[in-house]
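1. need a 3D model of the following:
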Amino acid sequence: MAAARSLGRLQKQSTSLFICDIQERFRPIIAGMPAVVDTARRMIRGANILGLPVIVTEQYPKALGNTVRELKEVLQPKSPIISKTRFSMVTDEVSQLLKGQQMTKQASKQ
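-> Model prediction:
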């Protein structure tokens, strides 16, 4: 409960859902992968209902495959899927997307 108090309430204008590296090649090696996919799918559906942006990354998709089909099925067409080769999800492209979202939301307040 202390964490909830220190974070405050989520604000639509400053909230995005990140889906990180849930890819085909990981299916046979991640314990509980069906639960991971199911949970991510529900989170994406919830973000869609709330109108929150969803940002998806794929770690080196040439070798590890693309985002699993079950998630792609529920993504909005405008949801970016960003390829990356570094461990962090916060790549330059993701940072630019977040800055763009923030500028768009600030402009709509005026």
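2. show me where the chain has its helices.
-> 2-7, 33-50, 61-64, 69-72, 92-109 (DSSP state H).
3. can you list the residues that contact stretch 13-25?
-> Applying CB atoms under 8 Å, 6 or more residues apart in numbering, the external contacts of stretch 13-25 come out as 36-37, 40, 43-44, 47, 52-59, 61, 63-68, 71, 89, 98, 101-102, 105, 109. Every C-beta, even on glycine, is put in place using the N, C-alpha and C of the backbone.
4. of those, buried ones?
-> Taking 16 or more other CB atoms under 10 Å as the criterion, what is buried in the contacts of stretch 13-25 is 37, 40, 43-44, 47, 52-59, 61, 66-68, 71, 89, 98, 101.
5. longest strand anywhere in the protein?
-> Looking across the chain with DSSP state E, the single longest strand is strand 54-59.
6. what's the angle between that one and helix 33-50?
-> 150 degrees (axes from the mean of the first three to the mean of the last three CA atoms, to 10 degrees).
7. the residue nearest the centre of the chain bridge partners, please.
-> Centroid check for the chain by CA atoms, centre = their mean gives Phe18 as the closest residue, at 2.3 Å. With DSSP bridges as the criterion, Phe18 is bridged to Ile55.
8. do you know which of the helices of the chain lies nearest Pro80?
-> helix 92-109 (6.3 Å; CB to CB).
9. let me see the mean pLDDT of that closest one.
-> On average, the pLDDT along helix 92-109 is 73.
10. likewise for stretch 48-65?
-> The model assigns stretch 48-65 a mean pLDDT of 96.
11. please apply the same query to stretch 12-21.
-> Mean predicted confidence for stretch 12-21 is 92.
12. so which bits of it are buried?
-> Quick answer for stretch 12-21 (16+ other CB under 10 Å): Leu17, Ile19, Asp21.
13. out of those residues, the closest to Leu75 would be?
-> Ile19 (8.4 Å).
14. report the separation between the closest one and Gly8.
-> 24 Å (CB to CB, to the nearest Å).
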